[in-house]
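# Sequence first, predicted model second:
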There are 2 protein chains.
Amino acid sequence: MGSSSNGVAPNNNVDKGVDYANYFCTYAFLYHQKEMLSDRVRMEAYYNAIFQNKHHFTGKTVLDVGTGSGILAIWSAQAGAKKVYAVEATKMAEHARELVKTNGVEHVVEVIEGSMEDVTLPEKVDVIISEWMGYFLLRESMFDSVICARDRWLNPDGIMYPSHARMWVAPIRSGLVDQKKIDYDRTMDDWSHFVDETKTFYGVDMGSLTKPFTDEQRKYYLETSLWNNLHPNQVIGKPAVIKEIDCLTASVNDILSLQANISSIITAENTRFCGFGGWFDVHFRGRKENPAKHEIELTTAPSEDLGTHWGQQVFLLYPSIRVSQGDNMSVNFLMNRSKENHRLLEVEFDCELRQSSGKSLQSFSKKFYIE
Amino acid sequence: MGSSSNGVAPNNNVDKGVDYANYFCTYAFLYHQKEMLSDRVRMEAYYNAIFQNKHHFTGKTVLDVGTGSGILAIWSAQAGAKKVYAVEATKMAEHARELVKTNGVEHVVEVIEGSMEDVTLPEKVDVIISEWMGYFLLRESMFDSVICARDRWLNPDGIMYPSHARMWVAPIRSGLVDQKKIDYDRTMDDWSHFVDETKTFYGVDMGSLTKPFTDEQRKYYLETSLWNNLHPNQVIGKPAVIKEIDCLTASVNDILSLQANISSIITAENTRFCGFGGWFDVHFRGRKENPAKHEIELTTAPSEDLGTHWGQQVFLLYPSIRVSQGDNMSVNFLMNRSKENHRLLEVEFDCELRQSSGKSLQSFSKKFYIE
Ligand SMILES: Nc1ncnc2c1ncn2[C@@H]1O[C@H](CSCC[C@H](N)C(=O)O)[C@@H](O)[C@H]1O
Ligand SMILES: Nc1ncnc2c1ncn2[C@@H]1O[C@H](CSCC[C@H](N)C(=O)O)[C@@H](O)[C@H]1O
């Protein structure tokens, strides 16, 4: 992987066809775009960010990176943009073009079908708007494409929408721990049955595959993070920020791999520490020299009634650990991209648990895949 | 697409990486191999085919195309083969190699990791064995690879395991017709709601996407064949063969696109004609000059208790049609590969229904995707 100081994302080494088959293809379905367009929290945040900060759009040129259905480009036009370039890699571009027309902004919005990395614009832009956030913020690695767009096409005094992003982690309790363990045990019981039968009926001993089968199933059931909509009362300790991103200055290198030391105090009474919840928020603040009139926040934190389609990522421990209010954990958090697929992630939690007295309770290290 | 007379399958034009992402990747999971290895009907058929026809294996050289876990190669060795080449495209090859060792046949079985199309063997073989059958026989287009192997590596008097294959179609009744229609209607209701809300709350009119969304959802819910385990009493008319394949002589051209005219008489009393069920069988007969001692059949036809992991493919009609015993249907059946993915299929049924008196009841033409 080459340097990314010129804004060229490392995924330039990735086979385009494979990347399409693994990633882009789902975005070509209206059904999937509709899921995002039906996410009220997401929609309100972008809507308010734009329409409560029209001064950033009126008379300006805007680039929408990954326009999908075209929604952000249309809003930008409605907010008074002079020109909007709406870039979309999939065939969804055709639908966006249609929507732009039927919403009467075709004189402002130009839909361009292509990869952001390959597109040439006739001019630089004043604003880059994009909804690039994946699960746990960085899954999909789409921010690479936003960085690429920014370094090539944003005016020196241009603004990023959103302007900032943060990743959060907190200790949680969750019944999923029991459920997944049962699923895993069932699969393994079934396997031993299978090994017996294959030997008895077909004269072949599959026993030597027990180890790799166990690894495969353990990864699937116990070592892969889960999508979940956590209730706030499942969060049993103080959430901590593991990464802050300034969208105006971050480079691909800054997000290729993350490392953070955090600590958290258990705030719930006598409970089970079942693992970690991870989520993100983004902010629309404009830039220092040209701030937002109304700062908008889009958060995907656990919420009683404002869930998003991102939910939270949940990283579970087997077995869970009994903890008490005041217990303290210090965590070394690591995150890297999967070697097989640059849009997927691998994280590691090195955790030490202490009682409030300072007495060590337990320490562990656990790896997870974000698939 | 080039000619296939030399046994070079048209998928040689396909990007290998994309083909891996779309197709092979699932076979790299032991979980998936185990599903096939747990299919009793499949296992018994191959087991009996080999061990009841040891004369085809004893002292012979064998090629196993797509060995997966290695099961067929190990059986071939156990049945007395002198040498078995076991070719597998995915990392599953490593597990096969391990199994071969722990089952004590490593002096006979040589596992080769690679695409059949790319592999060079040191000699020609007496037998080609392969479990290449996909849903409705030809989904996955893996038989292309078997043909390629045969034309390059089978001795002139060599034998194919299986030796023959047939595709079947029959009129059926199925409650899935109602279920899928309800699912589809719900999605479309939801869509109009969504269009209203997006206009009201966010000032964007999504109405022009109603047509493409309808097309997308109709394809998904109503025009894509379904996997189903049909009960024999859901078959309401005489099954008909739409294709017979002699594995020793068939060329890729013979299976690239199929056309058949069939007819079927409704055998059930006053019932609903809800669409077609499609399945296949294969036979192990050796070859004329060197026949099997015991011919074995592997059928995936609807069965009360001998279901296979292939089940049947079900092609449903909306709405279903009332029919009576003795009604006659003549069907023109067409099948082609999907343009986007050569391993997927598209079929068309042109059907004319007549009463036993000859009076025309209804005719229709319907296309389906096998995804
Ligand atoms: N490098 C790239 N170039 C162009 N489009 C990209 C891209 N990476 C991701 N995309 C597109 O970006 C979109 C992200 S989803 C967001 C869609 C839309 N902006 C909305 O807010 O509703 C997808 O449609 C995806 O196909
Ligand atoms: N062209 C090709 N070259 C090598 N392997 C192939 C292939 N096409 C398909 N395969 C492999 O063929 C296998 C088919 S599934 C059957 C596996 C095994 N023979 C059994 O009967 O249990 C898969 O493992 C797939 O990866």
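Perfect, thanks for sending it. Ligands and ions are numbered 1, 2, ... in the order given.

# Let me know the helix or strand that the closest residue to ligand 1 within the stretch 201-350 of chain A is in.
Closest approach of the stretch 201-350 of chain A to ligand 1 (CB to the nearest ligand atom) occurs at residue A:343, with a separation of 9.6 Å. Quick note: C-beta positions are derived from backbone N, CA and C, even for glycine. Counting by DSSP states H and E, there is no helix or strand that carries residue A:343.

# any idea how far it lies from residue B:370?
Taking CB to CB, to the nearest Å as the criterion, residue A:343 is separated from residue B:370 by 28 Å.

# do the same with residue A:108
Distance of residue A:108 to residue B:370, given as CB to CB: 43 Å.

# Pick out whichever of those two has more residues nearby.
More crowded of residue A:108 and residue B:370, by other CB atoms under 10 Å in any protein chain shown: residue B:370, with 23 against 20.

# So what sits opposite residue A:329 in the bridge?
residue A:264, residue A:353 (DSSP bridges).

# what do you get for residue A:365?
residue A:350.

# measure it to residue A:332 for me?
When CB to CB is applied, the distance between residue A:365 and residue A:332 equals 9 Å.

# likewise residue A:196?
Distance of residue A:196 to residue A:332, given as CB to CB: 43 Å.

# what's the answer for residue A:115, then?
Distance, residue A:115 to residue A:332, by CB to CB: 36 Å.

# wait, residue A:112 sits on residue A:86?
Yes. Under the criterion of CB atoms under 8 Å, residue A:112 makes contact with residue A:86 at 6.8 Å.

# circling back to that earlier point, find the residues that touch each one of residue A:365 and residue A:332.
Here residue A:365 and residue A:332 have A:349-351 as joint contacts, going by CB atoms under 8 Å, 6 or more residues apart in numbering or on different chains.

# going on from the lengthiest helix in chain A, what's the next piece of helix or strand?
If you go by DSSP state H, chain A has its longest helix at helix A:176-202. The first helix or strand that comes after helix A:176-202 along the chain, using DSSP H and E, is helix A:210-222.

# That next one packs against which elements?
Identification of packing neighbours for helix A:210-222 by 3 or more CB pairs under 8 Å, 6 or more residues apart in numbering or on different chains; DSSP states H and E yields helix A:176-202, helix B:30-37.

# Please tabulate the ones you listed in a markdown table, including the columns mean pLDDT.
Compiled in a markdown table, the helices and strands packed on helix A:210-222 are given as follows (pLDDT from 0 to 100):
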| stretch | mean pLDDT |
| --- | --- |
| helix A:176-202 | 98 |
| helix B:30-37 | 97 |
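
# Determine which stretch of those helices is the most buried.
helix B:30-37 (a mean of 18; mean count of other CB atoms under 10 Å in any protein chain shown).

# From the chain's centroid, how far away is the helix or strand following it?
Using DSSP H and E, the helix or strand that directly follows helix B:30-37 along the chain is helix B:40-51. Between the centre of helix B:40-51 and the centre of its host chain there is 18 Å, according to CA atoms, centre = their mean, to the nearest Å.

# ok, now stretch A:244-261?
Here the centre of stretch A:244-261 is set off from its chain's centre by 14 Å, with CA atoms, centre = their mean.

# got it, and stretch A:284-302?
Taking CA atoms, centre = their mean, one finds stretch A:284-302 lying 19 Å from the centre of the chain it belongs to.

# quick one, strands of the stretch 201-350 of chain A?
Remark: strands assigned in the stretch 201-350 of chain A by DSSP state E, counting those that start in this stretch are A:226-228, A:240-246, A:257-265, A:271-287, A:290-299, A:312-323, A:328-337, A:345-354.

# and those, which is most packed in?
Most buried among the strands of the stretch 201-350 of chain A, given mean count of other CB under 10 Å as the contact rule, is strand A:271-287, at a mean of 23.

# Any part of it near ligand 1?
No. With CB under 6 Å from any ligand atom as the criterion, ligand 1 is not reached by strand A:271-287; the gap is at least 12.2 Å.

# which secondary structure elements does that strand contact?
Counting by 3+ CB pairs under 8 Å, 6+ apart, the packing neighbours recorded for strand A:271-287 are helix A:40-51, strand A:154-161, strand A:164-172, helix A:176-202, strand A:290-299, strand A:312-323, strand A:345-354.

# Listing partners with orientation, what would you give for it?
Strand A:271-287 has the following strand partners under DSSP bridges: strand A:164-172 (antiparallel), strand A:290-299 (antiparallel), strand A:312-323 (antiparallel).

# Specify the stretch among those strands that is closest to ligand 2.
With CB to the nearest ligand atom as the criterion, ligand 2 lies closest to strand A:312-323 of the strands paired with strand A:271-287, at 30.8 Å.

# Give me the distance from that closest one to the chain's centre.
20 Å.

# Now that strand - C-alpha only, CSV.
C-alpha atoms of strand A:312-323 as CSV (Å, rounded to 0.1, in the frame of the first residue of the first chain):
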residue,chain,number,x,y,z
GLN,A,312,-24.2,0.0,17.5
GLN,A,313,-21.5,-2.6,17.0
VAL,A,314,-21.4,-5.0,19.8
PHE,A,315,-18.2,-6.9,20.8
LEU,A,316,-19.0,-9.7,23.2
LEU,A,317,-17.0,-11.6,25.8
TYR,A,318,-17.3,-15.3,26.6
PRO,A,319,-17.8,-15.8,29.4
SER,A,320,-19.1,-12.4,30.7
ILE,A,321,-17.5,-11.0,33.9
ARG,A,322,-19.3,-9.9,37.1
VAL,A,323,-18.5,-6.3,38.0
